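1. return a 3D structure for these sequence lines:
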Amino acid sequence: MSETHIESVRSVLSDPSKAPSLPLRSWQRRALTKYLSSRPKDFLAVATPGSGKTTFGLRVAAELLADRTVEAVTVIAPTEHLKHQWALAAAGAGIPLDPDFRNADGATSPDYRGVVVTYAQVAAHPTLHRVRTERRKTLVILDEIHHSGDAKSWGDAVREAFTPAARRLGLTGTPFRSDDTPIPFVSYEPDADGSMRSRADQSYNYSDALRDGVVRPVVFLAYSGEARWRTSAGDEFSARLGEPLTAEQTTRAWRTALDPAGEWIPSVLQAANTRLTQLRKDGMPDAGGLVIASDHVTAKSYAKTLQRISGEEPVVVLSDDPKASGRIAEFAESDARWMVAVRMVSEGVDVPRLAVGVYATSASTPLFFAQAIGRFVRSRRPGETASIFLPSVPVLLQLASELETERDHVLGKPHREKDGWDDELLAEANARRDEPGEEEKAYTALGADAELDQVIYDGSSFGTAAFSTTEEEQDYLGLPGLLEPDQVRALLRQRQEQQLEDVGKREEADKAQKADKKAAEAAEQESARPQSVQERLHKLRKELNTLVSLHHHRTRKPHGKIYNELQRSCGGPPTAMATAEQLEERIATLRSW
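-> Below you'll find the model as predicted:
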């Protein structure tokens with residue numbers, strides 16, 4: 001925490017009248033008007049990350065304290081880090097809250113207007129918090145309220161502790177998932193399919209916030225590449241990220257790409273660092289980058305690679321580091337280029353200058369993805385954009401395309417199985433993993449090359465396949481740093497049209513030369529060095545990948561669907577295991593389409 005912030009807190013504690021008023025955005029004003037006109041016991045506000053849920057919650061608290069509707073405020077936050085973040089924001093709003101309250105103490109200084117605790121803290125002693133809530137008329141703010149549905153014990157504890165509250169305000173910026181556990185103090189109503197769906201009193205999604213200039217446009221750069229691995233039995237396999245694969249193949253290709261000793265990660269980190277440099281030159285001089293890693297070992301390896309690439313040592317934040325919150329706060333206030341973190345980037349972590357992200361984790365739960373991307377969307381000034389680099393894996397591409405989708409909490413197992421929006425994997429993603437599990441031990445990564453597969457923006461895909469360090473890749477890494485949302489869309493469309501035109505010209509030139517060179521090539525093959533199998537397969541795969549991208553942009557069919565149709569039409573195995581003759585047949589078939 002900076003000296004300026006500390007002095008601000010001390011000033012407010014000594015004289016709350018010195019607290020600055022909190023200016024409200026349009027959605028916050030609408031929500032506040034709705035709240036004050038009805039003054040409900042329970043109110044749920046669902047607003048996209050970066051839109052200002054904390055400011056809204058504190059304004060409600062200030063109004064209720066001012067007219068004596070409540071006498072105290074209790075904020076429940078997901079993590080220890082967020083406890084201190086809430087307390088700092090509350091002090092700035094003239095509402096001193098104690099973030100260091102402990103269950104063992106049972107009370108806090110009368111100088112505070114309330115406390116900030118975690119859901120785990122409440123679950124450890126719900127009776128204590130019930131007694132505190134009964135003693136004074138209390139407003140309870142449940143930050144990221146879906147956490148009270150994460151485990152039955154937590155939900156029961158929250159219900160037990162805060163049923164006596166005078167007012168309750170639920171906040172969340174994370175899409176609700178489907179399960180069988182109702183979230184305490186959330187209203188549900190029947191859906192068309194017979195399930196029960198949560199009802200928000202105020203909703204403000206990413207599309208709304210983007211239109212209002214509250215959040216940044218997010219451009220996703222998806223990198224594919226051919227991954228190679230060896231099983232414990234000694235068999236070697238290869239597969240291309242983004243192609244239709246089995247679940248096991250997808251998992252192993254994905255983890256092979258993320259291997260710090262391979263080629264994929266250094267190539268993507270190099271591209272991300274180039275993009276960060278571009279943003280810093282074009283109007284965001286303090287732009288920061290964040291690499292989200294799966295575990296401590298890979299995080300430290302990624303940091304070493306980044307230091308070689310950028311010439312600057314990154315800040316490394318590990319989940320079991322007691323100084324993690326301080327490191328994040330220091331990075332937020334500095335102009336350092338990169339931070340590498342393990343699971344310290346979930347909801348609420350506030351580093352507004354983050355503008356470039358590398359999703360270098362195998363976590364695939366939609367909740368984790370939404371929380372991670374939420375770290376990059378906070379807008380500070382018009383024109384700022386965010387760039388996220390991620391593996392070209394179907395589940396991630398779908399999540400990137402559905403960034404603007406609104407989701408409620410649905411009760412009922414059948415619906416959960418249908419939409420996949422549960423957070424059973426979130427606990428696993430957030431668990432400490434320093435040693436490889438059985439799945440990692442079952443195979444050995446041999447390497448993976450990197451290729452810019454596509455650029456996703458506003459649910460649409462742009463670009464054709466471009467290998468790392470090529471001019472085509474640089475065209476996208478060099479996008480201007482300051483762009484309005486409509487300018488981003490127009491520029492991506494323009495770049496794509498130019499790429500397609502260039503590819504088309506090359507195709508025509510190739511056709512014109514083919515007939516003339518056919519006889520000469522046949523003669524040369526008799527005397528020239530034979531092309532190696534690896535070179536021939538690499539060339540054919542690249543040509544097929546480019547044609548698939550072209551067909552995607554002409555038909556709007558997903559890449560995976562095109563590969564599937566080709567495989568059904570021509571027969572044979574997936575592209576990574578196809579022979580040269582099979583690849584040539586698929587190329588000819590695709591050209592005929």
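2. when you work out contacts or count neighbours from here on, use the C-alpha atoms and nothing else.
-> OK.
3. tell me, what residue is most central in the chain?
-> residue 373 (2.7 Å; CA atoms, centre = their mean).
4. can you tell me the element it falls in?
-> helix 366-373 (DSSP states H and E).
5. tell me which other helices or strands the helix or strand just after that helix touches.
-> Per DSSP H and E, the first helix or strand lying C-terminal to helix 366-373 is strand 386-391. The helices and strands touching strand 386-391, judged by 3 or more CA pairs under 8 Å, 6 or more residues apart in numbering; DSSP states H and E, are strand 218-231, helix 264-281, strand 354-360.
6. try 10 Å this time
-> strand 218-231, helix 247-257, helix 264-281, strand 288-293, strand 354-360, helix 366-373, helix 394-401, strand 451-457 (3 or more CA pairs under 10 Å, 6 or more residues apart in numbering; DSSP states H and E).
7. by mean pLDDT, show me the worst of those.
-> Between the helices and strands packed on strand 386-391, the one with the least mean pLDDT is helix 366-373; it has a mean of 80.
8. off-centre distance for it?
-> 4 Å (CA atoms, centre = their mean, to the nearest Å).
9. does the residue nearest to the centre of the chain touch residue 388 like I think?
-> Yes - assessed by CA atoms under 10 Å, residue 373 is found in contact with residue 388 at 8.0 Å.
10. where do the contact lists of those two overlap?
-> 218, 357, 359, 400 (CA atoms under 10 Å, 6 or more residues apart in numbering).
11. let me see the contact set for the last one.
-> Shown here is residue 400, whose contacts under the criterion CA under 10 Å, 6+ apart are 218-222, 366, 369-370, 373, 388, 390, 394, 456-460.
12. of those residues, select the buried ones using a ChimeraX command.
-> This is the ChimeraX syntax for the buried subset of the contacts of residue 400, where burial follows 16 or more other CA atoms under 10 Å:
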select :218,219,220,221,222,366,369,370,373,388,390,394,456,457,458,459
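13. follow-up on the earlier one: between the shared contacts of residue 373 and residue 388, which sits nearest residue 484?
-> Nearest to residue 484, judged by CA to CA, of the shared contacts of residue 373 and residue 388 is residue 218 at 11.1 Å.
14. so what's that closest one closest to, chain neighbours aside?
-> Nearest residue to residue 218 in three dimensions, chain neighbours excluded: residue 386, at 4.7 Å (CA to CA, 6 or more residues apart in numbering).
15. on that earlier part again, redo the helices and strands packed on strand 386-391 as JSON lines? Include distance to residue 162.
-> Shown next, in JSON lines, are the helices and strands packed on strand 386-391 (distance: least, CA to CA, whole Å):
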{"stretch": "strand 218-231", "distance to residue 162": "38"}
{"stretch": "helix 247-257", "distance to residue 162": "43"}
{"stretch": "helix 264-281", "distance to residue 162": "45"}
{"stretch": "strand 288-293", "distance to residue 162": "35"}
{"stretch": "strand 354-360", "distance to residue 162": "36"}
{"stretch": "helix 366-373", "distance to residue 162": "26"}
{"stretch": "helix 394-401", "distance to residue 162": "35"}
{"stretch": "strand 451-457", "distance to residue 162": "42"}
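16. to residue 160, which of these lies closest?
-> Short answer: helix 366-373, nearest of the helices and strands packed on strand 386-391 by CA to CA, at 26.4 Å.
17. helices or strands up against that closest one?
-> Short answer (3+ CA pairs under 10 Å, 6+ apart): helix 366-373 packs on strand 354-360, strand 386-391, helix 394-401, helix 424-430.
18. swap the cut-off to 6 Å and go again
-> Applying 3 or more CA pairs under 6 Å, 6 or more residues apart in numbering; DSSP states H and E, one finds that helix 366-373 contacts no other helix or strand.
19. could you give the angle of that helix to strand 288-293?
-> 150 degrees (axes from the mean of the first three to the mean of the last three CA atoms, to 10 degrees).
20. what's the angle between helix 366-373 and strand 218-231?
-> Using the same axes, to 10 degrees, helix 366-373 lies at 120 degrees relative to strand 218-231.
21. low pLDDT regions in the stretch 1-150 of the chain?
-> 1-22, 150 (pLDDT under 70).
22. and the strands in it?
-> 42-47, 72-77, 97-98, 114-118, 138-143 (DSSP state E, counting those that start in this stretch).
23. next SSE after the last one?
-> I take that to be strand 138-143. helix 152-162.
24. average pLDDT across that following helix?
-> Here the average pLDDT along helix 152-162 is 89.
25. so which elements touch that helix?
-> By 3+ CA pairs under 6 Å, 6+ apart, helix 152-162 packs against helix 126-135.
26. output the helix it packs on as PDB - backbone C-alpha positions only.
-> In PDB, the C-alpha atoms belonging to helix 126-135 read as follows (Å, rounded to 0.1, in the frame of the first residue of the first chain):
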ATOM      1  CA  PRO A 126     -21.500 -18.600  11.700                       C
ATOM      2  CA  THR A 127     -23.000 -18.100  15.200                       C
ATOM      3  CA  LEU A 128     -20.500 -15.400  16.000                       C
ATOM      4  CA  HIS A 129     -21.400 -13.500  12.900                       C
ATOM      5  CA  ARG A 130     -25.100 -13.900  13.500                       C
ATOM      6  CA  VAL A 131     -24.700 -12.400  17.000                       C
ATOM      7  CA  ARG A 132     -22.800  -9.500  15.600                       C
ATOM      8  CA  THR A 133     -25.500  -9.000  12.900                       C
ATOM      9  CA  GLU A 134     -28.300  -9.100  15.500                       C
ATOM     10  CA  ARG A 135     -26.600  -6.500  17.800                       C
END
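27. check what contacts that helix and list those residues.
-> 157, 161-162, 164-165 (CA atoms under 6 Å, 6 or more residues apart in numbering).
28. what is the most widely separated pair among those?
-> Longest span within the contacts of helix 126-135, CA to CA: 157 and 165, 13.7 Å.
29. thinking again about what came up before, tell me which of the strands of the stretch 1-150 of the chain lies nearest to residue 186.
-> strand 42-47 (7.0 Å).
30. residue 43 against residue 169, yeah?
-> Yes - contact criterion CA atoms under 6 Å: residue 43 and residue 169 qualify, at 5.0 Å.
31. distance from the chain centre to stretch 371-379, please.
-> Counting by CA atoms, centre = their mean, stretch 371-379 comes out at 7 Å from the chain centroid.
32. what about that stretch, start to end distance?
-> Its first and final residues considered, stretch 371-379 spans 16 Å by CA to CA, to the nearest Å.
33. ok, residues contacting that stretch?
-> 49-50, 214-216, 346-347, 352, 354-355.
34. and residue 257, how far from residue 243?
-> 14 Å.
35. the more surrounded of the two?
-> Neighbour count, other CA atoms under 10 Å: between residue 257 and residue 243, residue 257 has more, with 29 against 24.
36. against residue 543, how distant is that one?
-> 22 Å.
37. before we move on, what about residue 217?
-> With CA to CA as the criterion, residue 217 and residue 543 are 32 Å apart.
38. go on, residue 374?
-> In terms of CA to CA, residue 374 sits 36 Å off from residue 543.
39. and what of residue 166?
-> The value you get for residue 166 to residue 543, if CA to CA is used, is 66 Å.
40. which one of those two has more residues nearby?
-> Between residue 166 and residue 543, residue 166 has the larger neighbour count (other CA under 10 Å), namely 20 against 15.
41. next one, pLDDT for the more buried one please.
-> 97.
42. what's the answer for residue 419, then?
-> For residue 419, pLDDT reads 38.
43. in stretch 492-499, what's buried?
-> So, applying 16+ other CA under 10 Å, buried residues of stretch 492-499: 492-493, 495-496, 499.
44. now, these that are in helices?
-> The helices, defined by DSSP state H, take in 492-493, 495-496, 499 from the buried residues of stretch 492-499.
45. mind splitting the chain into its structural domains?
-> 3-210, 216-483, 495-514+532-592 (automatic domain parsing).
46. quick check: mean pLDDT across the shortest one?
-> Predicted confidence along domain 495-514+532-592 averages 79 (mean pLDDT).
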